[in-house]
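Peer 1: sequence unknown, structure follows:
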């Protein structure tokens with residue numbers, strides 16, 4: 001498929017085939033944003049409370065209330081650079097609760113103004129393609145683990161946080177499984193907002209895939225409030241690549257798995273979870289190349305999922321021409 005034909009096919013993505021005059025009404029869009037933000041704030045607070053209570057009940061049931069109280073030091077101790085395994089999972093659970101609650105609240109309220117169900121922003125209301133989500137998790141996770149291994153073999157200094165959470169393999173495996181599950185929830189929240197609601201609403205006004213990728217990537221990077229331009233570019237490239245995935249596969253399932261895999265490899269093998277924001281550093285020109293690699297990698301995973309017949313059949317992926 002030539003580049004021009006590919007771009008035309010992406011413009012006809014079945015994810016965008018249900019756009020209606022309600023989506024193209026600028027007044028509805030302007031009104032939907034503050035209403036969605038208000039609903040998201042309320043739902044995010046409820047999600048945080050729910051996740052906190054569940055976490056505390058689980059830990060209290062295991063070790064009693066004193067151990068549960070120790071979890072909050074992950075938020076209150078400014079000198080805590082390496083949280084314990086339970087503190088990390090507690091932080092992840094609260095983060096997932098906030099993200100998922102805020103995303104569902106925002107998209108539900110904003111979508112209602114456009115006469116849409118929340119499932120329209122997943123894959124046009126079709127059954128969730130769980131295999132496609134798992135495919136994204138495995139494909140991107142495998143590639144990132146391989147790249148991390150090569151970097152370590154070439155002399156890159158690595159101190160995987162996963163090795164520190166438990167002295168035995170069983171404990172590490174349990175921690176990894178729980179962390180990945182929570183990261184899938186947190187990633188699903190971001191994909192629902194950015195590659196779901198935002199992509200569909202911006203496509204109501206412009207169909208050019210490049211414009212959609214640039215816009216989505218820039219806004220996705222901006223919402224993380226990273227003070228470093230090089231890291232901003234890497235996140236923007238990731239957001240652009242995830243946008244291509246949604247357009248090519250007709251939904252956000254592959255992106256959820258890919259997004260979660262990216263975060264999981266970073267958390268488990270590269271650097272531990274922390275509540276402190278990234279500190280400013282000197283511009284690293286090498287990260288520009290990293291951003292291009294990230295963009296190409298995510299696009300490559302999407303194309304592999306569409307073009308490899310065996311993988312497409314197993315995951316339930318399809319090309320946008322199905323629209």
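Peer 2: Received, thanks. Quick caveat: nothing in here was measured; it's all calculated off a predicted structure.
Peer 1: the closest residue to residue 281 other than its chain neighbours: neighbour count?
Peer 2: Excluding the flanking residues, the one nearest residue 281 by Cβ to Cβ, 6 or more residues apart in numbering is residue 228, at 5.8 Å. Using the backbone N, CA and C atoms, a C-beta is placed for each residue, glycine as well. Counted with other Cβ atoms under 10 Å, the neighbours of residue 228 add up to 16.
Peer 1: what do you get for residue 217?
Peer 2: 25.
Peer 1: tell me the contacts of it?
Peer 2: The contact partners of residue 217, taken as Cβ atoms under 8 Å, 6 or more residues apart in numbering, are 235-241, 243.
Peer 1: in whichever strand or helix holds it, what's buried?
Peer 2: Mapping residue 217 onto the secondary structure by DSSP states H and E places it in helix 209-222. Residues 209, 212-213, 215-218, 220-221 are the ones in helix 209-222 that count as buried (16 or more other Cβ atoms under 10 Å).
Peer 1: JSON lines please, covering the residues you listed and showing distance to residue 150 and pLDDT.
Peer 2: Putting the buried residues of helix 209-222 into JSON lines (distance: Cβ to Cβ, whole Å; pLDDT from 0 to 100) gives the following:
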{"residue": "209", "distance to residue 150": "31", "pLDDT": "94"}
{"residue": "212", "distance to residue 150": "33", "pLDDT": "96"}
{"residue": "213", "distance to residue 150": "28", "pLDDT": "97"}
{"residue": "215", "distance to residue 150": "33", "pLDDT": "97"}
{"residue": "216", "distance to residue 150": "30", "pLDDT": "97"}
{"residue": "217", "distance to residue 150": "26", "pLDDT": "96"}
{"residue": "218", "distance to residue 150": "30", "pLDDT": "96"}
{"residue": "220", "distance to residue 150": "27", "pLDDT": "96"}
{"residue": "221", "distance to residue 150": "26", "pLDDT": "94"}
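Peer 1: can you tell me which of those is nearest residue 138?
Peer 2: residue 220 (23.0 Å; Cβ to Cβ).
Peer 1: I'd say the closest one and residue 233 touch.
Peer 2: No: using Cβ atoms under 8 Å, residue 220 is not in contact with residue 233; the gap is 11.8 Å.
Peer 1: can you list the weak-confidence ranges in the protein?
Peer 2: 1, 60-69, 78-81, 277, 316-323 (pLDDT under 70).
Peer 1: so which elements touch the top helix by length along it?
Peer 2: Counting by DSSP state H, the longest helix found in the chain is helix 26-63. Applying 3 or more Cβ pairs under 8 Å, 6 or more residues apart in numbering; DSSP states H and E, one finds that helix 26-63 contacts helix 65-70, helix 85-113.
Peer 1: right, and the helix or strand after the helix or strand containing residue 173?
Peer 2: Secondary structure from DSSP H and E places residue 173 in helix 169-191. The helix or strand immediately downstream of helix 169-191 is helix 199-203, counting by DSSP H and E.
Peer 1: for that following helix, which outside residues touch it?
Peer 2: Residues contacting helix 199-203 (Cβ under 8 Å, 6+ apart): 15-16, 19, 23, 29, 32, 114, 120-121, 212, 215-216, 243, 246-247.
Peer 1: test my guess that residue 255 contacts residue 245.
Peer 2: Yes: between residue 255 and residue 245 there is a contact at 4.5 Å, judged by Cβ under 8 Å.
Peer 1: list residues touching both of the two?
Peer 2: Joint contacts of residue 255 and residue 245 (Cβ under 8 Å, 6+ apart) are 136, 195.
Peer 1: what segments of the stretch 201-323 of the chain are helices?
Peer 2: 209-222, 229-249, 253-265, 286-307, 309-315 (DSSP state H, counting those that start in this stretch).
Peer 1: just to revisit the earlier point, of residue 255 and residue 245, who's got more company?
Peer 2: Per other Cβ under 10 Å, whichever of residue 255 and residue 245 has more neighbours is residue 255, with 34 against 31.
Peer 1: check contacts around the more buried one.
Peer 2: Residues near residue 255 by Cβ under 8 Å, 6+ apart: 136, 191, 195, 242, 245-246.
Peer 1: equivalent analysis for residue 184, please.
Peer 2: Contacts for residue 184 (Cβ under 8 Å, 6+ apart) come out as 133, 137, 256-257, 260.
Peer 1: could you redo the last one with a cut-off of 7 Å?
Peer 2: The contact partners of residue 184, taken as Cβ atoms under 7 Å, 6 or more residues apart in numbering, are 256, 260.
Peer 1: centre of the chain to stretch 260-279, how far?
Peer 2: 13 Å (Cα atoms, centre = their mean, to the nearest Å).
Peer 1: report the buried residues of that stretch.
Peer 2: For stretch 260-279, by 16+ other Cβ under 10 Å, it's 260-270, 272-273.
Peer 1: what do you get for stretch 84-103?
Peer 2: Of the residues in stretch 84-103, 85-103 count as buried by neighbour count, 16+ other Cβ under 10 Å.
Peer 1: just give me the residue right at the centre of this protein.
Peer 2: Taking Cα atoms, centre = their mean, the centroid of the chain lies closest to residue 187, which sits 3.1 Å from it.
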